[in-house]
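Colleague: Predicted model follows, preceded by the sequence.
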Amino acid sequence: MATRRIPRVLSIAGSDSGGGAGIQADLKAFAACGVHGMTAVTAITAQNTVAVTAVHHVPPEIIEAQVSAVLTDIGVDAVKIGMLGTAATIEAVIRALTGLSSDVPVVLDPVMVSESGSVLLEPSARTALIEQLLPLVTVVTPNLAEAREIAGNDSLGAQDLARAIHALGPAVVVVTGGHRNVPADVYLDGSQLVELPGERYPDGAAHGSGCTHSSALAAGLARGASPLDAARFARGVSAEAVRNGLRDIGSGAGPVDALDIRRGRFAADIRSGPEPPANPVK
Ligand code: PXL
């Protein structure tokens, strides 16, 4: 019997040297969600659990080359977009995605500020993100602060923010509930608004929770789920990753753990790891 092809998901996002957020979180979330993860790195951040100390923006042609390399050979079943940083990067990503079939879902996590409070999207790039990229995406997943920024309104509640952002063009809006009074995500597509309740884990470790959420959502779509089911799935995966977060890594906000790293596939005992092949290749 032929085995089913493993779903493929591309993350176009920034690198977090501390391993908590960005592409590092995305690849862990993809592995946890049963899809093959690939990356096009947009920016390299020097970062730990307390601060971002430097950012290098990858040249636009290298971003386009990474996406093109993935699309021309491997192909994708969904794309997740995270940290973009500059207007030049946003334009490069838009150019790179013109080669994408229109039935491939694109999930945008509109990253603006790091967990530790550093600006990850230049203020001058906000217009490009809102006017050029947002109308092209299938799902956008702002947290409350990002939703206020995109909608240009500080006083609306999460449901009205979702409506205002939906009017800007994306097919689906999911306002994540991590910073709301009620711990629920708001899901809105062209026909329905649904509150997705969940637990809040204030004692967990949440660095990378937004990245994990949007990656799990993209993985759900790549596996064939509807946007609503994928949003529910992502809510559960990211909450679990926060609950299970690695509080003892670094002195600041510890990284989420979507993979259950302590119980990793080969974590138990080095001596009882997998047997080497009987006839090792010399
Ligand atoms: O969580 C948003 C985010 C995305 N991408 C990178 C980050 C962060 C937050 O710190 O560092 C690279």
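Modeller: Great, that's in hand.
Colleague: Might one say that L134 is in contact with I90?
Modeller: No - contact criterion C-beta atoms under 8 Å: L134 and I90 do not qualify, at 10.2 Å. Every residue, glycine included, has its C-beta placed from N, CA and C.
Colleague: Settle it for me: which of those two has more neighbours?
Modeller: Regarding L134 and I90, a neighbour count based on other C-beta atoms under 10 Å identifies I90 as having more, with 23 against 18.
Colleague: Which element, helix or strand, includes the more buried one?
Modeller: Per DSSP states H and E, I90 falls inside helix 87-97.
Colleague: where does the stretch 51-200 of the chain have low pLDDT?
Modeller: 180 (pLDDT under 70).
Colleague: Flag every residue of it that's near the ligand.
Modeller: Applying C-beta under 6 Å from any ligand atom, we find that the stretch 51-200 of the chain lies next to the ligand at 82-83, 111, 114-115, 120.
Colleague: quick one: which of these is nearest to T53?
Modeller: Minimum distance to T53 across these is 11.0 Å, recorded for S114 (C-beta to C-beta).
Colleague: Who are the contact partners of the closest one?
Modeller: Applying C-beta atoms under 8 Å, 6 or more residues apart in numbering to S114 gives the contacts 21, 45, 47, 52, 120.
Colleague: Name the member of the residues you listed that has the highest neighbour count.
Modeller: Counting neighbours by other C-beta under 10 Å, the top entry in the contacts of S114 is A21, with 31 neighbours.
Colleague: And for that residue, nearest residue in space, chain neighbours not counted?
Modeller: In space, and not counting its chain neighbours, A21 is closest to G208: 4.0 Å by C-beta to C-beta, 6 or more residues apart in numbering.
Colleague: ok, how many other residues are close to the one you found?
Modeller: G208 has 32 neighbouring residues, counting by other C-beta under 10 Å.
Colleague: In this model I23 seems to touch it, though I could be wrong.
Modeller: No - contact criterion C-beta under 8 Å: G208 and I23 do not qualify, at 10.4 Å.
Colleague: distance of S124 from R243?
Modeller: Remark: distance between S124 and R243 (C-beta to C-beta, to the nearest Å) = 38 Å.
Colleague: which of these two has more neighbours?
Modeller: Legend: neighbour count by other C-beta under 10 Å for S124 and R243, higher for R243 (16 against 9).
Colleague: what residues are up against the nearest residue to that one once chain neighbours are set aside?
Modeller: Closest residue to R243 apart from its sequence neighbours, by C-beta to C-beta, 6+ apart: Y201 at 4.3 Å. Going by C-beta under 8 Å, 6+ apart, Y201 touches 239, 242-243, 245.
Colleague: swap in V186?
Modeller: 158-159, 161-162, 173-175, 177, 193-196.
Colleague: quick one: which of the residues you listed sit in helices?
Modeller: 158-159, 161-162 (DSSP state H).
Colleague: now those: which count as buried?
Modeller: 158, 161-162 (16 or more other C-beta atoms under 10 Å).
Colleague: separation between A125 and G117?
Modeller: Between A125 and G117 the distance is 18 Å, computed by C-beta to C-beta.
Colleague: do C211 as well
Modeller: According to C-beta to C-beta, C211 and G117 sit 16 Å apart.
Colleague: Between those two, point out the one with more neighbours.
Modeller: Remark: of C211 and G117, C211 carries more neighbours, 34 against 9, as counted by other C-beta under 10 Å.
Colleague: Next up, phi/psi of the more buried one, please.
Modeller: Dihedral angles of C211 (phi, psi; degrees, to the nearest 10) stand at phi -60, psi -40.
Colleague: Leaving out sequence neighbours, find the closest residue to it.
Modeller: Closest residue to C211 apart from its sequence neighbours, by C-beta to C-beta, 6+ apart: A25 at 4.0 Å.
Colleague: Could you see whether the ligand lies near stretch 250-265?
Modeller: No - applying C-beta under 6 Å from any ligand atom, one finds stretch 250-265 separated from the ligand by no less than 8.6 Å.
Colleague: pull the CA atoms of that stretch into PDB?
Modeller: Extracted in PDB, the C-alpha atoms of stretch 250-265 (Å, rounded to 0.1, in the frame of the first residue of the first chain):
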ATOM      1  CA  GLY A 250      17.200  31.400  30.600                       C
ATOM      2  CA  SER A 251      16.400  34.000  33.200                       C
ATOM      3  CA  GLY A 252      13.500  35.700  31.300                       C
ATOM      4  CA  ALA A 253      10.500  34.300  29.400                       C
ATOM      5  CA  GLY A 254      11.200  30.600  28.900                       C
ATOM      6  CA  PRO A 255      10.400  29.000  25.500                       C
ATOM      7  CA  VAL A 256       7.200  27.100  24.800                       C
ATOM      8  CA  ASP A 257       7.500  23.400  24.300                       C
ATOM      9  CA  ALA A 258       5.300  22.000  21.600                       C
ATOM     10  CA  LEU A 259       7.400  18.800  21.200                       C
ATOM     11  CA  ASP A 260       7.500  17.500  24.800                       C
ATOM     12  CA  ILE A 261      11.300  17.800  24.600                       C
ATOM     13  CA  ARG A 262      11.900  16.100  28.000                       C
ATOM     14  CA  ARG A 263      10.300  13.000  26.600                       C
ATOM     15  CA  GLY A 264      11.800  13.400  23.100                       C
ATOM     16  CA  ARG A 265      11.900  10.300  20.900                       C
END
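Colleague: Noted, bye for now.
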